[in-house]
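Visitor: Sequence plus the predicted model coming up.
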Amino acid sequence: MLVIVLENSPPRLRGRMAVWLLEVRAGVYVGNLSRRVRDMLWNQVCDGIEDGNAVMVWSTNTESGYDFQTIGKNRRIPVEYDGLRLVSFLPLKNELEGIDK
């Protein structure tokens, strides 16, 4: 299983994903493709994302049963903790400004 989520992406990138995957919601693509095709699609996402952001999640033989990659600016950043891939949240800019005052 493969899931790619695009936010603020150019229409040409969304069209490219729709050729290979099913768009189940706006910007959410799912499919069951080989590793080679998955890598090719991720390269296209990285080349075409511009100011947007994206995440790709796929099934794999790990403790959690999946792995993921991200690209672009987002408050959620991947971190590794004891061999598990988790997601950490960056604080809001407004929250940081309130601490300094």
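Guide: Arrived safely.
Visitor: quick one: contacts of the helix or strand Arg36 falls within?
Guide: Secondary structure here is read from DSSP states H and E; on that basis Arg36 sits in helix 35-48. By CB atoms under 8 Å, 6 or more residues apart in numbering, the surrounding residues in contact with helix 35-48 are 2, 4, 6, 9-10, 12-13, 16-17, 20-21, 33, 54, 56, 58, 69, 71. To be clear about C-beta, it is placed using only N, CA and C from the backbone, and glycine gets the same treatment.
Visitor: Make a ChimeraX selection of the buried ones in these.
Guide: Only the buried members of the contacts of helix 35-48 end up in this ChimeraX selection, burial being decided by 16 or more other CB atoms under 10 Å:
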select :2,4,6,9,13,16,17,20,21,54,56,58,69
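Visitor: Name the next helix or strand following the helix holding Arg36 along the chain.
Guide: Using DSSP H and E, the next helix or strand after helix 35-48 towards the C-terminus is strand 53-59.
Visitor: Centre-most residue in the chain?
Guide: Nearest to the mean C-alpha position of the chain, counting by CA atoms, centre = their mean, stands Val55 at 0.3 Å.
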